[in-house]
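3D model of this:
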Amino acid sequence: MSERKDIGDNKKTITDRIEEYLTILMDLRTHITDIEDTINRVGHLLDHSQPNNAPGKIGIRWWKTDRTAMRIPTLIHWEFTRAGKGAMKPVPFKRPPRKIKAEGVWSINAVETQLLIELFYTLKTEWDKSCERLNRLIDKRRSRHIDKDKINQLCEQSNKQLDYLRTQIRDNLQRNGYYGDL
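Numbers count the residues shown, from 1 in each chain. You can find the predicted model right below:
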């Protein structure tokens, strides 16, 4: 039996597209997770490359902002008050620290610390791009959100109408001498 080409059977095509979409999402999730793991390693090395409890120490923290539900990797530096209490202040992303402390104990890993900060900025840029890609995919899905109740009603009403029309067509054919069943 030959396959009819006038039937709209797109299940396989739709399933393939959904699988392709899910593959893209999973690849993107894996990519973002790998970047986050690398940023965490950079943060760990930054913590160890500089003296503890010292003003000016640079680190990475994952901070949540009001604009997004995600935690964002943020480069911070420590500031200490006269009472000796430390506070983390974010380093503006547009203005990376130009100079790393290089005197005394700081000089031991000053070059490595600078390289770690540059690596962080590279990773953060790629993380931002990947998250933006993810947001675009999600926003595209949201903008084409399916109203399931509306679709179910439409299909129900259409099927009722099709049942009625099927009966009418069958009755018309039978009245005119055709005895085929639909």
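
residue boundaries of the helices in this protein?
11-49, 110-143, 148-175 (DSSP state H).

Tell me which of the ones you listed sits nearest to Lys57.
Lys57 sits nearest to helix 11-49 of all the helices of the chain, at 8.3 Å, using Cβ to Cβ. All C-beta atoms are positioned from the backbone trio N, CA, C, and that covers glycine.

Could you tell me the angle between the closest one and helix 110-143?
On the basis of axes from the mean of the first three to the mean of the last three Cα atoms, to 10 degrees, helix 11-49 is oriented at 150 degrees to helix 110-143.

Who are the packing partners of helix 11-49?
strand 58-64, strand 71-80, helix 110-143 (3 or more Cβ pairs under 8 Å, 6 or more residues apart in numbering; DSSP states H and E).

okay, the angle between it and strand 71-80?
Orientation check (the same axes, to 10 degrees): helix 11-49 against strand 71-80 gives 10 degrees.

Could you give the separation of helix 11-49 from the chain centroid?
Here helix 11-49 is found 8 Å from its chain centre; the criterion is Cα atoms, centre = their mean, to the nearest Å.

mind listing what's buried in it?
Of all the residues in helix 11-49, those buried under the rule 16 or more other Cβ atoms under 10 Å are 31-32, 35-36, 38-39, 42-43, 45-46, 49.

Output the residues you listed in CSV, with distance to Leu165 appended to each entry.
Formatted as CSV, these follow (distance: Cβ to Cβ, whole Å):
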residue, distance to Leu165
His31, 51
Ile32, 51
Ile35, 57
Glu36, 57
Thr38, 62
Ile39, 61
Val42, 67
Gly43, 67
Leu45, 72
Leu46, 72
Ser49, 77
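
Many thanks, have a good one.
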